[in-house]
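J.: return atomic coordinates for the entry below.
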Amino acid sequence: MDNFELKNCIYDSVFEEIFDSDTNSMTIEELEDLISLAKNQLSIYDDISNDFSVEVHKLKTYISDLKAHIALASNERDKIVGESERCASLYYELIKQRDCLENSLVKIKEEHSKNQDLQESLDFTIEIKKQEINKKERQLQNLLDEYRIIIEGNQTHQSEQTKPNDTPKSGHKSFTTRSISFNFSIVKNNQSKDRVPVNHSHHVRDTSSKGSNVSNNNSIIFGY
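T.: Numbers count the residues shown, from 1 in each chain. Next comes the predicted model:
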């Protein structure tokens, strides 16, 4: 019901109250009082109608604002729904990545365990090789010490045979020939054999009257 219809309804009720009265039995003063009362009521009804019109306008404005807010809320709801769907998609993607990372972590742990076992095996092998090398170094040092003693003995023996008091019995001049040869052959292979073949060949020959000839032939072969 709009403002015009409301006013018509008010006027009809006022006029009905006036004309329902028995105007024939009324005096002019009573009739004027009744008309004045009707005018006052109409004025009150007009004020009420105006206030009602203002409230209706406010209500319509509020409804319009509410509709605008509803539209904004609907847009925000659509945005939130879209963001929610995107977040759900990202969540499932993160779950997939997490599962992939967990599988990778399991594989890495397995590889780490294998590498650790291999490292321990390599450390054990290296330690054995070190012990073998130390053993062979000691053997080599012992052989070198032995040959140093042999060489020193040969030099002492040679110096004793070439003293000034020793003169040749024949007319040939005495001379001493010393030949010392060392042949070190080190052969390394991957099978780590604990065998050290040693070939000692020591030969001393001394002839003073027919021409002294000292020949020392020392050969050593090491096999790793």
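J.: every contact and neighbour count from this point should use C-alpha atoms.
T.: OK.
J.: just the buried residues of stretch 33-49, please?
T.: Residues of stretch 33-49 classed as buried by neighbour count (16 or more other Cα atoms under 10 Å): 34, 38, 42, 45-46, 49.
J.: er, stretch 68-81 actually
T.: Judged by neighbour count (16+ other Cα under 10 Å), stretch 68-81 contains no buried residues.
J.: convert it to CSV, retaining C-alpha atoms only.
T.: The C-alpha trace of stretch 68-81 is given here as CSV (Å, rounded to 0.1, in the frame of the first residue of the first chain):
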residue,chain,number,x,y,z
ALA,A,68,23.7,-4.0,-2.3
HIS,A,69,25.3,-5.6,0.8
ILE,A,70,23.8,-9.0,-0.2
ALA,A,71,25.3,-8.6,-3.7
LEU,A,72,28.7,-7.7,-2.2
ALA,A,73,28.4,-10.6,0.2
SER,A,74,27.5,-12.9,-2.6
ASN,A,75,30.6,-11.7,-4.6
GLU,A,76,32.7,-12.2,-1.5
ARG,A,77,31.2,-15.6,-1.0
ASP,A,78,32.0,-16.6,-4.6
LYS,A,79,35.6,-15.3,-4.0
ILE,A,80,35.8,-17.3,-0.8
VAL,A,81,34.5,-20.4,-2.5
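J.: in terms of secondary structure, what does the strand or helix carrying Lys114 contact?
T.: Element membership for Lys114 (DSSP states H and E) is helix 28-161. Secondary-structure packing of helix 28-161 (3 or more Cα pairs under 8 Å, 6 or more residues apart in numbering; DSSP states H and E): helix 3-19.
J.: now the helix it packs on: mean pLDDT?
T.: Averaging pLDDT along helix 3-19 gives 59.
J.: how about stretch 155-175?
T.: Stretch 155-175 comes out at a mean pLDDT of 59.
J.: from Glu110, how far out is Gln97?
T.: In this view, Gln97 and Glu110 are 20 Å apart by Cα to Cα, to the nearest Å.
J.: could you single out the nearest of the buried residues of stretch 33-49 to Lys135?
T.: Nearest to Lys135 among the buried residues of stretch 33-49: Ser49, at 122.2 Å, using Cα to Cα.
J.: show the pLDDT at that closest one.
T.: Looking at Ser49, its pLDDT is 80.
J.: try Thr207
T.: 40.
J.: what's the answer for the one 4 residues further on, then?
T.: Reading off the per-residue confidence, Gly211 sits at a pLDDT of 40.
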